[in-house]
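Novice: Here is a sequence together with a model predicted from it:
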Amino acid sequence: MVLGGVMDNAEVIQRLLNNLRKFYPAVHDKMTREGTAKSRRDLQEMLEKGIADGLFVDTINLDLAISVLYYTASAITVRKDLILPAGMTEREAFVQIISNFFRGISTTKGLLLVDDYLKRYEPAKTVHRMQ
């Protein structure tokens with residue numbers, strides 16, 4: 001849900017960052033560096049808590065998992081023209097990719113939570129077919 005919230009605001013944030021990069025590149029670089037570091041720390045804490053709570057397997061490499069999540073989210077927002085199938089929103093793609101990721105690292109207990117979230121999230125139920 002936290003990652004979904006990020007995706008909900010990704011377009012506005014991307015526009016702001018592009019303007020900041022254009023007019024104040026040093027500020028942009030500092031904010032990007034600090035924001036990325038904070039996001040990675042926050043995500044690591046969430047994953048560690050999930051492991052401690054028995055939701056995720058304890059065999060995952062946290063650095064790799066964080067990088068995969070970070071770069072996936074970046075790719076969906078920055079290069080959506082190359083990644084997203086026609087008719088699929090960034091949010092729908094993100095939910096599918098992230099839910100599959102979390103299913104992959106979840107314990108049985110964690111799978112129940114992922115499945116419960118997906119049942120409550122209507123757009124994730126949308127099936128997109130290539131025409």
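Specialist: Thanks, I have it. Numbering: from 1, shown residues only.

Novice: Show me the helices in this structure, by range?
Specialist: Along the chain, counting by DSSP state H, helices occupy 2-8, 10-23, 25-52, 62-78, 80-83, 90-105, 108-120.

Novice: could the ones you listed go into CSV alongside mean neighbour count and mean pLDDT?
Specialist: Backbone N, C-alpha and C define where each C-beta goes, glycine included. CSV is the format used below for these (neighbours: other C-beta atoms under 10 Å; pLDDT from 0 to 100):
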stretch, mean neighbour count, mean pLDDT
helix 2-8, 13, 61
helix 10-23, 12, 81
helix 25-52, 13, 91
helix 62-78, 15, 84
helix 80-83, 11, 69
helix 90-105, 17, 86
helix 108-120, 13, 90
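
Novice: Residue 79: neighbour count?
Specialist: Neighbour count of residue 79, defined by other C-beta atoms under 10 Å: 10.

Novice: and it, how far is that from residue 93?
Specialist: 12 Å (C-beta to C-beta, to the nearest Å).

Novice: Repeat that for residue 69.
Specialist: 14 Å.

Novice: do residue 17 as well
Specialist: 20 Å.

Novice: Report the contact partners of residue 109.
Specialist: The contact partners of residue 109, by C-beta atoms under 8 Å, 6 or more residues apart in numbering, come to 54-55.

Novice: pLDDT score for residue 124?
Specialist: Per-residue confidence (pLDDT) for residue 124: 43.

Novice: now residue 68: how far from residue 90?
Specialist: Residue 68 is 17 Å from residue 90, by C-beta to C-beta.

Novice: Kindly report the same for residue 120.
Specialist: 20 Å.

Novice: now do residue 34
Specialist: 24 Å.

Novice: List the contacts of residue 57.
Specialist: Applying C-beta under 8 Å, 6+ apart, the residues near residue 57 are 51, 105-107.

Novice: how does it look with 7 Å?
Specialist: Contact partners of residue 57, counting by C-beta atoms under 7 Å, 6 or more residues apart in numbering, are 105, 107.

Novice: Check residue 28 too.
Specialist: With C-beta under 7 Å, 6+ apart, residue 28 has these contacts: 17, 20-21.
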